[in-house]
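Novice: Sequence and predicted structure are below.
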Amino acid sequence: MTEQIKADICVIGAGSGGLSVAAAAAAFGEKVVLLEKAKMGGDCLNYGCVPSKAMIAAGKQAQTIRDAVKFGVSAGEPEVNYQAVHDHIHSVIAAIEPNDSVERFEGLGVQVIQQAGKFKDAKTVVTADGKTEITARHFVISTGSSAAKLPIEGLDDVNYLTNETVFDLTEQPKKLVIIGGGPIGMELAQAQRRLGTDVTVLEAFNVLGKDDPELTAVVIDQIRRDGVELREGAKILRVEKGDEAFDHSAKIILEGEDGEEDVLEATHLMVAAGRAPNVNGLDLEKANITYDKRGIKVKDTLKTTNRRVFAIGDVTGGLQFTHVAGYHAGLVIRSILFRMTARENRNIIPWVTYTAPEMAHVGMNEEQAKQKHRDIRILRWPYGENDRAQAERKTAGLIKIVTDKRGNILGASIVGENAGEMINMWSLIISQKMNVKAITGYISPYPTLSEIGRRAAISYYGDLPKKPMIRRTISFFKFFG
Ligand SMILES: Cc1cc2nc3c(=O)[nH]c(=O)nc-3n(C[C@H](O)[C@H](O)[C@H](O)COP(=O)(O)OP(=O)(O)OC[C@H]3O[C@@H](n4cnc5c(N)ncnc54)[C@H](O)[C@@H]3O)c2cc1C
Ligand SMILES: NC(=O)c1ccc[n+]([C@@H]2O[C@H](COP(=O)([O-])OP(=O)(O)OC[C@H]3O[C@@H](n4cnc5c(N)ncnc54)[C@H](O)[C@@H]3O)[C@@H](O)[C@H]2O)c1
């Protein structure tokens, strides 16, 4: 017999977004049912942010050993035990896992059902085993995204890696080829190279093409110097089976410069060429919920075409980050519990690419600012002019701040050491709509990298000492002694 559950909120998908909605709603006493078909914690914990940042941290350690010689300390080429790197990655996941576990959520009062959910009609969700039917006042779809499948001939016949399998490798790849030079491809390529893997990235257009080219140039230069082969404008003709000795091998046949075929042999092929929303099997049509290949259609209130149903995080196809899924969760909670009209403001959402150097951004970039404002100012300051960066030998990078003509800060981009930490202050500045004047009014401890941002902001007033009016005012005050 089918169990019938009546809930206030039914959440489908226990990743970054779904868990945040469930925890907050349960804390306010709502009856919450949470459906998860695979691992609690979703992509971020199991196949995304956490394992990738743990792998990057391992690569960073290896690079620190190589770079030590610049500081008068020599340690030679690091020895990498790949099985131990794998174990490190999985122990980091294990350390964080309890926060997202079924036990913890049941302890918070959430009813967790470890089943896939699908819509039966506009007001009902059923579990895949057909044993449970849930009716709820509101549904929240937070089913995330998966690696997009590419229409490349022969690709489906090889056992290529994606973000869901690459962190399970226990042996170091000999020759790793990554299709896609976005954040996933580039973070992983550099971490693998620093751990000693031979890596080639095949990018159809430009590497890190969604970011400001002035900043990406700094990252690309470092990644090339690390020894990653980057092929931009790559045209893959087809993929064939590779060396049988390796589970994930492939031959990639590319269009060569002279029109000839160019064959690249990979012991490991990985695809990281964008994301597809996880909508299959949800039977969205039965609930009148509209979607396309980018994701579920939502208004800025995150409501779908069914007014009872919200969609949040990656499945909506907007900015795909863990903190965005969390931000969406907060908006939905305000909307459902407090009946407030909470709207997404994409302008305040920061993002960071965790390459070395890191690249971070918030607000408008130069192009967007030019489209919205007639007169803008670009304020820059290079890492090379910062004493801490010199001491740490991390002088590659810059901050770029965009303001309107009155000094109102419209956006900030940073490339360089610790850019991901430094962007926090600028996220606050953008969300609070601050002016450069506010930056001149606080004291930054010396020597810190954050002084770079302050120096850039102060450069807004660079012409001030030369202004005739200012000179006349100073002369006037001299009359008084
Ligand atoms: C390699 C990689 C690195 C990344 N690094 C970062 C980073 O450093 N910083 C950052 O901010 N973001 C990063 N991201 C992006 C981040 O992981 C996602 O934006 C985030 O996980 C989205 O959260 P979500 O809740 O929308 O989806 P997810 O976390 O993917 O959760 C969706 C959940 O829904 C479940 N599900 C799907 N369908 C159903 C169904 N029908 N019924 C029940 N359950 C279902 C899935 O099993 C999954 O557990 C990275 C992504 C990848 C792939
Ligand atoms: N640090 C972070 O916060 C972080 C890290 C990783 C991923 N993410 C999130 O995950 C999302 C997805 O990352 P991604 O790197 O998969 O996607 P992406 O869309 O950002 O980049 C994919 C790249 O693959 C290229 N590509 C597509 N088809 C190709 C083909 N046939 N041959 C060669 N290249 C091809 C595209 O031109 C593009 O540059 C990101 O946009 C981001 O939101 C975030």
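Specialist: Perfect, thanks for sending it. Ligands and ions are numbered 1, 2, ... in the order given.
Novice: how many neighbours does Gly281 have?
Specialist: 12 (other CB atoms under 10 Å). Backbone N, C-alpha and C define where each C-beta goes, glycine included.
Novice: do the same with Pro213
Specialist: Other residues within reach of Pro213, judged by other CB under 10 Å, total 10.
Novice: Which pLDDT value does the model give the nearest residue to it once chain neighbours are set aside?
Specialist: Spatial nearest neighbour of Pro213, chain neighbours left out: Asn206 (7.7 Å); criterion: CB to CB, 6 or more residues apart in numbering. pLDDT for Asn206: 98.
Novice: cool, and Phe139?
Specialist: On the pLDDT scale, Phe139 gets 98.
Novice: separation between it and ligand 1?
Specialist: Here Phe139 is placed at a distance of 11 Å from ligand 1 (CB to the nearest ligand atom, to the nearest Å).
Novice: Same question for Asp283.
Specialist: Relative to ligand 1, Asp283 is positioned 9 Å away (CB to the nearest ligand atom).
Novice: list the contacts for that residue?
Specialist: With contact set as CB atoms under 8 Å, 6 or more residues apart in numbering, Asp283 has these partners: 118-120.
Novice: remind me, longest helix of the protein?
Specialist: As assigned by DSSP state H, the longest helix anywhere in the chain is helix 49-67.
Novice: ok, which residues in the stretch 151-300 of the chain are in contact with ligand 2?
Specialist: For the stretch 151-300 of the chain, the contact set with ligand 2 under CB under 6 Å from any ligand atom comprises 152, 179-185, 187, 202-205, 209-210, 234, 236, 272-275.
Novice: Narrow these to those that are buried.
Specialist: Listed as buried from those are 152, 179-185, 187, 202-204, 234, 236, 272-273, 275; burial here means 16 or more other CB atoms under 10 Å.
Novice: pLDDT-wise, which helix or strand of the protein ranks last?
Specialist: helix 468-478 (a mean of 88; mean pLDDT, DSSP states H and E).
Novice: who touches the residue in the stretch 201-350 of the chain that ligand 1 sits nearest to in this structure?
Specialist: Ligand 1 sits closest to Gly313 of the stretch 201-350 of the chain, with a gap of 2.2 Å, by CB to the nearest ligand atom. Neighbouring residues of Gly313 by CB under 8 Å, 6+ apart: 13, 15-18, 142, 144, 320, 324-325, 328-329.
Novice: Next: Ser74.
Specialist: Ser74 touches Ala68, counting by CB under 8 Å, 6+ apart.
Novice: Report the central residue of the chain.
Specialist: The structure's the chain has its C-alpha centroid closest to Phe321; by CA atoms, centre = their mean the separation is 4.5 Å.
Novice: hang on, it packs against Arg346?
Specialist: No. Phe321 is not in contact with Arg346 according to CB atoms under 8 Å; the separation is 11.3 Å.
Novice: Top of the contacts of Asp283 by number of neighbours, please.
Specialist: Neighbour counts for the contacts of Asp283, by other CB under 10 Å, peak at Phe119, which reaches 22 neighbours.
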